[in-house]
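**Q** got a sequence here, can you model it:
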Amino acid sequence: MVKYLDGIRVAGRVPALLKILDVVQHTTSLRFAAVARVTPEYWLACAVRDGVDLGLEIGDELPLETTISHDVLHRGEAVVINHVDADPAYARHVSPRQYHFQSYIVVPVRLPDGTFFGTLCAADPAPHDLDRPEILAMFRLFADLVAFHVDASSRLAENEAILSHERTQSELREQFIAVLGHDLRNPLMSIESGTRMLLRYPERAAELVPHIQKSTARMGALINDLMDFARGRLGGGITLQLKVEHALQAILEQIVQEVKTTRPERRIETRFQMEHAVTCDTVRLAQLFSNLLSNAVTHGDPDKPIVVKASTNEKFFELSVSNAGKPIPPEAHEKLFHPFFRGGDRPSQQGLGLGLYIVSEIAKAHRGRLAVTSGNDETCFTFRLPYVFSVTDRSA
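**A** Here you go, the predicted structure:
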């Protein structure tokens with residue numbers, strides 16, 4: 001159902017089906033006409049011309065057993081009724097009693113591969129002379145046209161989805177190569193330059209070695225981010241090592257202190273109410289928090305504090321990081337958690353644009369919810385983890 005109905009809607013083929021129904025009504029004078037997706041479980045309207053105020057719209061369902069299409073599905077043949085009251089096979093059928101129709105023509109719609117898709121239906125509250133070879137032949141031709149449009153729309157939607165996926169994968173490959181060629185090259189060149197200087201001027205070791213160590217640490221962080229990207233995008237997802245953590249507040253406080261040490265000019269306010277243990281992967285949760293806090297330091301107003309809140313109750317753990325500053329444009333919201341997205345693209349901005357993507361993957365692995373709100377007053381990222389885990393290792 002979803003496959004073909006979505007195909008009709010996405011590819012814009014509903015107008016074509018409606019034109020077919022217009023011709024059906026014009027040539028037969030039947031005031032109700034529809035194309036229905038019919039399976040052993042349901043009857044669903046894909047296109048409708050309702051001239052009798054039945055109230056049926058595209059996407060509506062009817063109980064299958066109340067329709068003539070139910071008989072067509074099981075018999076595989078068209079049903080034509082000139083006058084229900086005079087037809088011994090259908091005079092007591094539930095359909096005319098429920099919908100008050102007296103004349104029907106219902107023809108099966110089969111896709112090019114022979115699959116039964118549904119029916120082309122037309123009916124009217126008054127009797128009509130429908131049981132004629134030319135009428136049935138016309139309806140079978142219309143049913144073939146319906147099948148063509150449904151199949152073509154479905155194939156078009158599938159091809160568009162495949163093309164969109166391939167385009168996305170191609171962009172990611174290009175970004176990945178650019179990262180390897182640019183972002184990793186900078187610290188590598190710094191290390192190379194530092195070691196050359198060290199060999200030439202060994203007496204400057206105290207000055208040069210910290211720079212080499214810093215570049216090495218930066219390379220390590222970049223490589224770790226790339227590994228997490230590969231796990232999330234190419235592998236089975238980020239793996240978790242779950243345990244019941246009673247000292248999560250201390251871990252969060254340690255991360256705050258680390259950021260304050262590297263950025264002492266930034267004010268970070270904490271508001272913790274951690275009264276319950278949390279089942280989580282402590283290392284990954286620390287990584288999530290560190291990335292959110294680093295994001296706030298990078299993009300927040302340097303003259304205003306970053307506010308970190310963490311709390312627990314009987315149902316969930318919640319962590320939020322808020323910062324003042326320019327709001328995130330609405331069009332950028334859906335891209336925030338995409339890999340290699342760098343909001344603002346500041347010339348001095350470091351990192352691969354993977355921080356928030358990794359945050360979202362960690363949240364997903366924990367079956368948690370990650371949300372962002374952004375306005376003139378503040379931007380706030382919130383992670384909520386419901387208590388649904390058992391203490392076993394799992395991967396996303």
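**Q** tell me which element A286 falls in.
**A** Using DSSP states H and E, A286 maps to helix 282-299.
**Q** CA atoms of that helix as PDB?
**A** The C-alpha trace of helix 282-299 is given here as PDB (Å, rounded to 0.1, in the frame of the first residue of the first chain):
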ATOM      1  CA  THR A 282      29.900   6.500  30.500                       C
ATOM      2  CA  VAL A 283      32.700   7.100  28.000                       C
ATOM      3  CA  ARG A 284      30.200   7.800  25.100                       C
ATOM      4  CA  LEU A 285      28.000  10.000  27.300                       C
ATOM      5  CA  ALA A 286      31.100  12.000  28.300                       C
ATOM      6  CA  GLN A 287      31.900  12.400  24.600                       C
ATOM      7  CA  LEU A 288      28.400  13.600  23.800                       C
ATOM      8  CA  PHE A 289      28.600  16.200  26.600                       C
ATOM      9  CA  SER A 290      32.100  17.300  25.600                       C
ATOM     10  CA  ASN A 291      31.000  17.800  22.000                       C
ATOM     11  CA  LEU A 292      28.000  19.800  23.000                       C
ATOM     12  CA  LEU A 293      30.000  22.000  25.400                       C
ATOM     13  CA  SER A 294      32.700  22.500  22.800                       C
ATOM     14  CA  ASN A 295      30.100  23.500  20.300                       C
ATOM     15  CA  ALA A 296      28.700  26.100  22.800                       C
ATOM     16  CA  VAL A 297      32.200  27.500  23.400                       C
ATOM     17  CA  THR A 298      32.800  27.800  19.600                       C
ATOM     18  CA  HIS A 299      29.500  29.400  18.600                       C
END
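**Q** next, the buried residues of it.
**A** Buried residues in helix 282-299, counted by 16 or more other CB atoms under 10 Å: 284-299. All C-beta atoms are positioned from the backbone trio N, CA, C, and that covers glycine.
**Q** likewise stretch 249-258?
**A** Result for stretch 249-258 [16+ other CB under 10 Å]: buried residues Q249, L252, I255, V256.
**Q** pLDDT of stretch 109-124, averaged?
**A** Across stretch 109-124, the average pLDDT comes to 93.
**Q** equivalent analysis for stretch 363-383, please.
**A** Stretch 363-383 carries an average pLDDT of 92.
**Q** could you pull out the buried residues of that stretch?
**A** Using 16+ other CB under 10 Å as the test for burial, stretch 363-383 gives 363-366, 368, 370, 374, 378-383.
**Q** most widely separated two among the residues you listed?
**A** Greatest spatial distance among those (CB to CB): A365 and E378, at 27.4 Å.
**Q** measure the residue most central in space within the chain to V372 for me?
**A** The structure's the chain has its C-alpha centroid closest to E334; by CA atoms, centre = their mean the separation is 10.4 Å. Distance, E334 to V372, by CB to CB, to the nearest Å: 10 Å.
**Q** per-domain residue ranges of this protein.
**A** Under automatic domain parsing, the residue ranges defining each domain of the chain are 2-159, 183-233, 239-395.
**Q** tell me the mean pLDDT over the strand or helix carrying R155?
**A** Here R155, judged by DSSP H and E, is contained in helix 133-182. Averaging pLDDT along helix 133-182 yields 77.
**Q** ok, then the element right after it?
**A** helix 185-200.
**Q** who touches F32 in this structure?
**A** R49, D50, G51, V52, L54, F101, C121, A122, A123, D124 (CB atoms under 8 Å, 6 or more residues apart in numbering).
**Q** pull the most distant pair out of those.
**A** By the measure CB to CB, R49 and F101 form the most distant pair in the contacts of F32, at 14.2 Å.
**Q** neighbour count: the two, which is higher?
**A** F101 (23 against 20; other CB atoms under 10 Å).
**Q** doesn't V84 make contact with the more buried one?
**A** Yes: counting by CB atoms under 8 Å, F101 touches V84, with 7.0 Å between them.
**Q** give me the three-state assignment for R384.
**A** Assigned with DSSP: H, G, I helix; E, B strand; the rest coil, R384 falls in the strand class.
**Q** show me the beta-bridge partners of it.
**A** Beta bridges link R384 to E318, R369, judged by DSSP bridges.
**Q** pretty sure it sits against G368.
**A** Yes: at 5.9 Å, R384 and G368 qualify as touching, with contact defined as CB under 8 Å.
**Q** just checking, which helix or strand of this structure averages the lowest pLDDT?
**A** Scoring the helices and strands of the chain by mean pLDDT, DSSP states H and E places strand 394-395 at the bottom, with a mean of 45.
**Q** mind putting the domains of the chain into JSON lines with distance to R167?
**A** Formatted as JSON lines, the domains of the chain follow (distance: least, CB to CB, whole Å):
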{"stretch": "domain 2-159", "distance to R167": "12"}
{"stretch": "domain 183-233", "distance to R167": "15"}
{"stretch": "domain 239-395", "distance to R167": "13"}
